[in-house]
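**Q** The following block contains a protein sequence and its predicted model.
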Amino acid sequence: MRIALRTAVVGMLTAVTTLTCGTAGATPPGPGVTARLLARYTVGGTDYTLREITVPPGQSTGWHYHDGPLYGVVKQGTLSHFDSGCASDGVYRAGASIKEPAGPGNVHIGRNLGDVPVVLDVLYVLPHGAPFSEDAPNPGCSFQ
């Protein structure tokens with residue numbers, strides 16, 4: 001799985017033709033959380049989008065979920081991932097891959113609890129026209 005994910009990400013990166021900056025969508029992302037569009041393709045009714053997400057130290061993605069699966073590779077830093085039960089469901093260091101399942105039953109937050117920016121390459125596999133993420137309220141956790 002890890003080799004296949006890296007191969008897919010590297011393949012998408014080689015096809016990059018346009019770089020665009022934007023803000024990562026979530027509720028609410030921390031200050032300085034950014035996303036850079038690397039590549040986007042639509043096949044049938046599915047959008048395949050590769051983005052580079054950067055989360056500064058002490059910040060988070062905000063609570064959210066996705067309408068399709070997401071596959072990522074941590075390029076730098078350590079991502080601490082939490083589910084809607086406020087429990088850690090993974091700590092991902094540089095070189096690690098992460099998969100986030102789709103749907104409102106999979107609300108989560110990614111946090112940077114380290115001293116360096118977390119940089120992720122993320123492949124979104126979404127229904128055509130769907131947003132990158134759907135905002136979700138804090139499910140009652142003591143952190144944002």
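**A** Cool, got the structure. Residues are numbered from 1 along each chain as shown.

**Q** where's residue 78 relative to residue 136, distance?
**A** 23 Å (CB to CB, to the nearest Å). All C-beta atoms are positioned from the backbone trio N, CA, C, and that covers glycine.

**Q** again, but for residue 71
**A** From residue 71 to residue 136 the distance is 20 Å (CB to CB).

**Q** residues near residue 31, how many?
**A** Residues within reach of residue 31, counting by other CB atoms under 10 Å, total 8.

**Q** How about the one 10 residues further on?
**A** Using other CB under 10 Å as the criterion, residue 41 is surrounded by 11 other residues.

**Q** Tell me the secondary structure at it.
**A** Using DSSP: H, G, I helix; E, B strand; the rest coil, the structure places residue 41 in strand.

**Q** Grab the nearest non-local neighbour of it.
**A** residue 48 (4.8 Å; CB to CB, 6 or more residues apart in numbering).

**Q** contacting residues around that neighbour?
**A** Shown in contact with residue 48 (CB atoms under 8 Å, 6 or more residues apart in numbering): 12, 40, 41, 42, 123, 124, 125.

**Q** how much space between the residue nearest the centre of the chain and residue 138?
**A** By CA atoms, centre = their mean, the chain has its centre lying nearest to residue 122, at 5.4 Å. Separation of residue 122 from residue 138 (CB to CB) stands at 22 Å.
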